[in-house]
Structures are given as C-alpha cells and as structure tokens.
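*Asks:* pasting a predicted model and its sequence here:
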Amino acid sequence: MTTEITKENADNKFTEGKILPQMLRFSVPILGALFLQAMYGAADLMIVGQFGDVTGVSAVGTGSAIMLLVTVIITGLTMGTMVVLGQYLGEGKPEEAGKTVGASIVLFAIVAVVLTVVMFVFVNPLAKLLQAPPEAFDKTVQYVLICSAGIVFITAYNVISGIFRGLGNSKLPMIFVLISCIVNIAGDLLLVGGLHMDAAGAAIATIAAQAVSVAASFFIIRRTKLPFQFSRSYIRFYPDKMKRILTIGTPIALQDALVHLSFLLINSIINGIGLNESAGYGIAERVTSFIFLVPSAVMQGVSVFVAQNVGAGKKDRARRSMYTGMAAGCVAGVFLFCAGFFFGDILSAIFSKDAAVIAQSAAYLRGFSADCLLTCVLFSFTGYFNGNGKTLFVMIQGITSSFLVRFPVSWLMSMTEGTNLTRIGLAAPIATIYGIIFYLICYKIMQRQEKRLQV
C-alpha cells in the first residue's frame, strides 16, 4: 500500500515553526499515555492493596519490578525505530521509512520470543536475586510467570507506539494505552476484588488488557493514513535497517536495563530489611513512576524533535529543542518535588491501607524527591543524544551513574546505624547530579567535533 502525506501528517514535522507550542502539542499526549501506563501498572498494586494483604502487595511490587526490566529493554530498542523513522522523515525518504517499519516487525518478533523464554527459565533466580520475602515468594513467581505470557503483546504495543511517535503522532499511542488501562482496571476489580485471586488475578488482568490493546491498535492502524510507503512485502530482513535500529536502540536498551537492574538491587537491599520496608518501597516505586512521567514525556518529545531536525540538517534548532524541553520540564519539576517531599504519605495511602507500609513509602519519597527536578534536566540531555544517534553517551551515563553512584550509595546508606528509607532514597538525586555533569562534558565534546567538521 502506498500512502500520501496528509495535512495532519505534515503538521507533525517539527523542522519549522515555534518549538514550545509544537513540543507541548506532541508531548502532552505522550504524558497522557505514560500516565495511563503508570495507572495500568498501579491498578494492580492499588487493588491488591485494598482487597489483599501485605504479602500480595509485596509480590506485585517485586514481580512488577521484574517485569519492568523486560519492558525497559523493549522500549529502549524501539527508541531505535523511533529515531530512525524521525530522521528519515526529516530527510524526506518515505520508502526508507517503510522499510524501517518492516524490518522492525521482524526484529521485534524475534525479541519477543527470546524474552519470553528467558523469563520462564529465570523467574526463580530473579525472585531470589531480589530477595523476595519468603512469605511472598511463591506469589511473586506466579505473578511474573503469568505476566511473561503477555510479552508478545508488550512488544507489539511498544513497536506500534514507537513508529507513530517517530512520525510525530503521539495521540494514537495514548488511545492504545487508554484501552488497555480500562480493561486492566476492570479485570483487577473482577478477579482481585470480586473473585479474591490476589496477585495471580492482577497478572491475568494485565495480560488480557495487553491483548485487547494490541488488537484495537491493529484495527485503528488499518484505517489510518501513514506518511510512508508500506505493504506486506516490506516485512522482511533488511540488514542495513536492522543494524541502524540496533546501533541506536541497543545502547539505550542496555543502559535502561542496567539502570533498572540497579533499582532491582536496591529493592533487594530493602527487601532484606523487612516486609513492611519491602511493601513500602514497592508502593514508593509506583508513586515515583507517576512523578517520572513529566521528564519521560519531555525526553521522548526532545528525541523526536532532535531526530527530525538533525535529519533536516538543522542542528541549531535541535539544540534549541533540548533547552526548551529542559525549561518546560523544570517548571513542572518544582511541583513534583513538593508533591513527593511534603505529601508522600497522602500519595502512598492511595495504594495501601496499612499505616506502617505508608510510613515507609513516605520516608523513601522524602529522600528521593529532589530527583523530580534534576531528572528534567538529565532526561532532556538524554533526548538530545538519542535524537542525534549518540546513544553510546546515554549508555555510559546510565551504567556508570547506576553502578558507580546509585547502588553503592544505597548500599552504604543501608549499612549506616539507624538507617531508614529516607537515606536510601537520597541515592537517586546524587546519581542524577553525576549524570548531568557527565552529559555536560559529552555535550561540549559534541560541540567541538561539530566545529571541527565545519572548519
């Protein structure tokens, strides 16, 4: 099928016009989609917390943390598709964009199968690595096994969303995840609240929602005009396209996975402290998943803006996009800091009725909250480097900040006399400060290289 560039698709080109209004129009639907994704995951914990006991909360908290490792690998790889598509759109090459989509379908079908097998084989070692409390261990394993059956749907959703965001369309991904969120909450209420299936019911609702969302997305796509050439014959191996996608996406996926692994290790440290701390940290992670929505939306918006402008040869505009993202993110970051620092107990109470668990969650958020503001700067840098295809910088920053700063600081804080989750939470903003300094050095290196090329 050969498609035409409609007026709506033309409006999704970010190489001309005022940056801030365009970025807001693009990023707000991304924020909406990320919010719904966070609600999607939070619904499991929230409903289990209201209808189950502390073992179910701990199981869902630890189990969803394991599944998030799979998700960040997939989303990191799909960033490669998003950036390559954005660059081809900026270069005005619709046929190459179509081949990129076909190559992505083949590539991610393989990725989905491999990840599913890995999760089924290594679920027990992963639960042990995280020191899942003995009382909640079996529930944790059961939750992960059921969710792993839906990895193919997680992959399909992220590939489809990456394609549309690369084209500058952030509204359709939000619609897809809205459908999934509604189905998941309904399933949780039925299976957990009605049938009292606890963590297993939450997991079943999760994969059912993912399946419905992917089915709906295919239905919508068939009725949507795309600004590139595409047909079934394009779904094949394109070694050059796959190499380009993996060259950009693999460092992002690797750094995202290792960053998340560092959080899993921190989870393991806290699980070893006690059951209330384990459940409290699980809830705090859900709260922070909402807090991180703004910087994450800014990062994806900056990535697409930069990719299109780099493809069009407008590097100055690409840099302005990064600064615009930083400014907009930091304005929101002030409010997010206040929410985490002053109202952590209120936010945590949404997910649990246990006073001891709420207190532990609020304690972690007090230490973490400064990261709400700092991350808006860090993620804007990340979007800039992603859009330029300089994902090696992103990977090095993520790995070093996680394993040379965040995890060691968390471990040291846990070993101090009278330790609490507030001290452990401080590791996050300390690691982000390091990441910003690292990116500033990389940014200066890039500027010098560009000046040499101009000369």
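*Replies:* Thanks, I have it.

*Asks:* who are the contact partners of residue 263?
*Replies:* 65, 285, 406 (C-beta atoms under 8 Å, 6 or more residues apart in numbering). Any C-beta I mention is one placed from the backbone N, CA and C, and that applies to glycine too.

*Asks:* contacts only, for the residue nearest the centre of the chain.
*Replies:* Centroid-nearest residue in the chain: residue 72, 5.7 Å away (criterion: C-alpha atoms, centre = their mean). Counting by C-beta under 8 Å, 6+ apart, residue 72 touches 253, 256-257, 259-260.

*Asks:* can you map out the helices along the stretch 351-455 of the chain?
*Replies:* Using DSSP state H, counting those that start in this stretch, the helices of the stretch 351-455 of the chain run over residues 355-368, 371-387, 391-400, 407-415, 421-425, 427-454.

*Asks:* closest to residue 335 out of those helices?
*Replies:* Of all the helices of the stretch 351-455 of the chain, helix 371-387 sits nearest to residue 335, with 8.5 Å by C-beta to C-beta.

*Asks:* how far off helix 355-368 does the closest one point, in degrees?
*Replies:* Angle between the axes of helix 371-387 and helix 355-368 is 60 degrees (criterion: axes from the mean of the first three to the mean of the last three C-alpha atoms, to 10 degrees).

*Asks:* show me how far helix 371-387 is from its chain's centre.
*Replies:* 13 Å (C-alpha atoms, centre = their mean, to the nearest Å).

*Asks:* can you spell out which helices and strands pack onto it?
*Replies:* Helices and strands touching helix 371-387, as assessed by 3 or more C-beta pairs under 8 Å, 6 or more residues apart in numbering; DSSP states H and E, comprise helix 54-91, helix 293-311, helix 315-342, helix 391-400, helix 427-454.

*Asks:* list the buried residues in the third one.
*Replies:* Which is helix 315-342. 317-322, 324-326, 328-330, 332-333, 336-337, 339-341 (16 or more other C-beta atoms under 10 Å).

*Asks:* and what of the first one?
*Replies:* When neighbours are counted by 16+ other C-beta under 10 Å, the buried residues of helix 54-91 are found to be 54-90.

*Asks:* ok, back up a step: OK, contacts around the residue nearest to the residue nearest to the centre of the chain when sequence neighbours are not counted?
*Replies:* Counting by C-beta to C-beta, 6 or more residues apart in numbering, residue 72 lies nearest to residue 256, which is 4.0 Å off, once chain neighbours are set aside. If you count contacts by C-beta under 8 Å, 6+ apart, residue 256 has them with 72-73, 75-76, 398.

*Asks:* and residue 444, how many residues sit next to it?
*Replies:* By other C-beta atoms under 10 Å, the residues close to residue 444 number 10.

*Asks:* residues in contact with the nearest residue to residue 392 once chain neighbours are set aside?
*Replies:* The shortest distance from residue 392 to any non-neighbouring residue, by C-beta to C-beta, 6+ apart, is to residue 251 (5.4 Å). Contacts here follow C-beta under 8 Å, 6+ apart; on that basis residue 251 touches 391-392, 394-395.

*Asks:* so what angle separates the directions of the host helix or strand of residue 205 and helix 54-91?
*Replies:* Using DSSP states H and E, residue 205 falls within helix 198-221. Calculated by the same axes, to 10 degrees, helix 198-221 forms an angle of 20 degrees with helix 54-91.

*Asks:* buried ones in helix 198-221, by neighbour count?
*Replies:* 198-214, 216-217.

*Asks:* the following helix or strand past that helix vs helix 427-454, what angle?
*Replies:* Counting by DSSP H and E, the element after helix 198-221 in chain order, helix or strand, is helix 239-271. Counting by the same axes, to 10 degrees, helix 239-271 lies at 160 degrees to helix 427-454.

*Asks:* and the next helix or strand after helix 239-271, what does it pack onto?
*Replies:* Sequence-wise, the next helix or strand downstream of helix 239-271 (DSSP H and E) is helix 275-291. Helix 275-291 sits against helix 19-51, helix 54-91, helix 239-271, helix 315-342, helix 344-349, helix 355-368, helix 421-425, with contacts defined as 3+ C-beta pairs under 8 Å, 6+ apart.

*Asks:* relative to the whole chain's centre, how far out is helix 275-291?
*Replies:* The answer for helix 275-291 is 17 Å, by C-alpha atoms, centre = their mean.

*Asks:* for stretch 404-416, same thing?
*Replies:* Centroid separation between stretch 404-416 and its chain, computed with C-alpha atoms, centre = their mean, is 24 Å.

*Asks:* so what touches that stretch?
*Replies:* Here stretch 404-416 has contacts from 262-263, 265-266, 269-270, 273, 419, 423-424, 426-428, 430-431, 434, using C-beta under 8 Å, 6+ apart.

*Asks:* would you agree residue 282 is in contact with residue 60?
*Replies:* Yes: if you go by C-beta atoms under 8 Å, residue 282 and residue 60 touch, sitting 7.2 Å apart.

*Asks:* and residue 400, how many neighbours?
*Replies:* Around residue 400 there are 17 residues (other C-beta under 10 Å).

*Asks:* and for residue 384?
*Replies:* Residue 384: 29 neighbours (other C-beta under 10 Å).

*Asks:* enumerate every residue touching the closest residue to it other than its chain neighbours.
*Replies:* In space, and not counting its chain neighbours, residue 384 is closest to residue 322: 4.0 Å by C-beta to C-beta, 6+ apart. Residues counted as contacts of residue 322 (C-beta under 8 Å, 6+ apart) are 302, 306, 380-381, 383-384.
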